[in-house]
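Asker: Pasting a predicted model and its sequence here:
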Amino acid sequence: MNTQSNPTPESRHDSQINEAQGIAPAAMSATRPMYWSVRRELWENRSIYIAPLAVAAVYLFGFLISLFWVPRSMRGMAAAHDLTPPVALAMPYSHAAMLLTLIAFLVGIFYSLDALHGERRDRSILFWKSLPVSDLTTVLSKASIPLVVLPLLVFAITVASQLIMLLLSAAVLLVSGTSTATPWAPPLFEMELVLLYGLTVLALWHAPIYCWLLLVSGWARRATFLWAVLPPVAIGVFEKIAFHTSYVGSLLHDRLFGFAAGAFDLKDKAGIPVDPHFIPLTQLAPGRFLSSLSLWVGLMVAAALLAAAVRLRRYREPI
Amino acid sequence: MTIIEARGLHKAFGKTIALNGVDLRIDEGRILGLIGPNGAGKSTALNAILGLTHYQGELKVLGRNPWIERDQLMRDVCFIADVAVLPRWMRVSQALDYVAGVHPRFDRAKAESFIAKTDIRRASKVRELSKGMVTQLHLALVMAIDARLLVLDEPTLGLDILYRKQFYDSLLNDYFDRSRTILVTTHQVEDVQHVLTDLRFINRGRIVLECSMEEFESRYLELTVHPERGAAARELKPIHKRQALGRSILLFDLKADTIDRQQIAALGDVRTPSIADLFVALLANKPGNQAGEARVNDEGADR
């Protein structure tokens, strides 16, 4: 047996020096595994940023083409729809924001459905579990993508796109010699504040949806989409047929769309409905939203679903 | 110091019993091979040790309960589960970044120098590497971690003989020292015969042979019998008999103390058997074997 004849004490020694210098485990900040886990998600799922960027690029290109007949159309639109100037001016900008928010929602759904499934499908879960990263860190990093990363990303991309739109409009106006005396720019700063508020509201409101999808992705062996969607729908249909009520259906509907009525005053003081293309700051209702019971029930459900997903991951093996 | 201490490890998947009371103890500085047929419970035992599967029984790895404390345990334990678990979308440079980011005991410069000795390019994705290169990459990552226990589950499955040889050579030359411990399962036993310090056979969820390699070498003897001495050799009750190129090859267990080495050597050419031959002798063709005892009944071997 010659296998033990070549000990290499240097490596041990090095590690002791490292420990003495404080590069030892205890010195590693608790947030580092979290940071690298989130980065890892972005490496693997590049659609998280490519999809909104691509949509923004297409939208900007379309907007550029539309600028060649913008002064005429703007007047025409305002007249035809009897819109107040800020709404008419804001429309292309808020369309961009709405489109990007919708894309982020779709990306978030498909990301969450695959997050804890893909690693089992390709067996890489065995590699991830061979590293000192807890199941809690892993699941939280995956939950942070739809709840934190995507909203921030959409906000940044939307602001950048809207600034580009503003510059393009200004350039076209200058070149065409149209008078800038008539209003041509929407109140962009106010719009960005409302967008940031809206994205925060959406993330909080939709949190239980994303967490449910994460749990299903960690649990189902295949067909995660069906497992995520069919049970709630089946319960709703059963309720409708058996009891002729639709509490489940309205609960689901409220969880998808209820944020609008909860977080915004959709009618102004005179009782006139606010156009969703331009919601002034005065119509935000953060106090009402934060004190609504359904927000907090939703967040508690989200936390419970996440806790279940963390616990489940400990038991999970490759499929 | 004891690195792994398992007592009465039990695990069932439905009606299939994967582990049926496994006792396993590994001390620091040993290289232990856990050898067994397919479905013997090797991977289940390793998964329990790594905190990847739930089990009944007592198990301490580096003093910790692996099921409860997997993430802390993984600071001191590394494992290569098999050749295909590195995520295929990952770039080599990303793998280095990530492990350096999350592992407090990872020495990046060391990993880079291991990779520099191979043909792996840092910009490549794992899916673009050959199977052998993926193993080299994984080994480079693992060897750069200052861990106390390395667990290898079929690490060289599907690799050609050059990569396999290289794999164990680098393990011994660049990684192993007396303060580290390695636990390995493999079907390619000929590759590890001269690497191991300790040997365990596992069958049907139980440990059926437990010995150090020194013990293995002094205890088991393979005799290629001179044709005219066949009858005399058979009287010494070999535990296994096979034919090769028209000659009888008998395997003896000297632990019984009824025979000694000289006696056997007089009957032909003797040598240390391969692990594979002992494996076949002890485990093959014994459907009714209740696996508790490795000792083979004499009639079975004598026929």
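Answerer: Done, it's in.

Asker: Next SSE downstream of the strand or helix carrying B:Arg242?
Answerer: Secondary structure assignment for B:Arg242, by DSSP states H and E: strand B:240-244. Downstream of strand B:240-244, the first helix or strand assigned by DSSP H and E is strand B:247-253.

Asker: what's the spacing between the following helix or strand past that next one and its chain's center?
Answerer: Scanning forward in sequence from strand B:247-253 by DSSP H and E, the next helix or strand is helix B:261-265. In terms of Cα atoms, centre = their mean, to the nearest Å, the gap separating the centre of helix B:261-265 from the centre of its chain is 30 Å.

Asker: Would you map the helices across chain A?
Answerer: Counting by DSSP state H, chain A has helices at residues A:9-21, A:31-44, A:47-66, A:70-81, A:85-121, A:125-128, A:135-144, A:150-176, A:188-219, A:224-243, A:247-257, A:259-263, A:286-290, A:293-315.

Asker: So, low pLDDT: which residues of the chain?
Answerer: In the absence of a named chain, chain A is used. Along chain A, segments meeting pLDDT under 70 span A:1-29, A:70-85, A:177-182.

Asker: actually it's chain B I care about, not the one you picked
Answerer: Within chain B, the stretches with pLDDT under 70 are B:83, B:256-258, B:285-303.

Asker: Can you name the residue of chain A nearest to chain B?
Answerer: A:Trp36 (3.3 Å; Cβ to the nearest Cβ). C-beta here means a position set from N, CA and C on the backbone, and glycine is covered the same way.

Asker: what's near enough to touch that residue?
Answerer: B:97-98, B:101-102 (Cβ atoms under 8 Å, 6 or more residues apart in numbering or on different chains).

Asker: circling back: got the helices of chain A as TSV, with distance to B:Ala48 columns?
Answerer: Putting the helices of chain A into TSV (distance: least, Cβ to Cβ, whole Å) gives the following:
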stretch	distance to B:Ala48
helix A:9-21	28
helix A:31-44	24
helix A:47-66	36
helix A:70-81	68
helix A:85-121	19
helix A:125-128	14
helix A:135-144	17
helix A:150-176	38
helix A:188-219	21
helix A:224-243	28
helix A:247-257	41
helix A:259-263	46
helix A:286-290	47
helix A:293-315	13
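
Asker: which stretch among these comes nearest B:Cys78?
Answerer: Set against B:Cys78 and scored by Cβ to Cβ, these come closest in helix A:125-128, at 11.0 Å.

Asker: Give me the helices and strands touching the closest one, please.
Answerer: Packing partners of helix A:125-128 (3 or more Cβ pairs under 8 Å, 6 or more residues apart in numbering or on different chains; DSSP states H and E): none among the helices and strands.

Asker: now that helix, how far from the chain's geometric center?
Answerer: That offset, for helix A:125-128, works out to 26 Å (Cα atoms, centre = their mean).

Asker: isn't A:Ala260 right up against A:Leu266?
Answerer: Yes: assessed by Cβ atoms under 8 Å, A:Ala260 is found in contact with A:Leu266 at 6.8 Å.

Asker: Find the nearest non-adjacent residue to residue 107, please.
Answerer: With no chain named, the answer covers chain A. Closest residue to A:Val107 apart from its sequence neighbours, by Cβ to Cβ, 6 or more residues apart in numbering or on different chains: A:Ala51 at 5.1 Å.

Asker: Correction: the question concerned chain B.
Answerer: In space, and not counting its chain neighbours, B:Asp107 is closest to B:Ala144: 4.8 Å by Cβ to Cβ, 6+ apart.

Asker: With respect to B:Lys110, which of the helices of chain A lies nearest?
Answerer: helix A:9-21 (8.2 Å).

Asker: Chain B contacts on the stretch 201-319 of chain A?
Answerer: Counting by Cβ under 8 Å from any Cβ of the partner chain, the residues of the stretch 201-319 of chain A close to chain B are A:314-315, A:317.

Asker: Show me what residue of the stretch 101-250 of chain B gets nearest to chain A.
Answerer: Residue nearest to chain A within the stretch 101-250 of chain B: B:Gly101 (3.3 Å; Cβ to the nearest Cβ).
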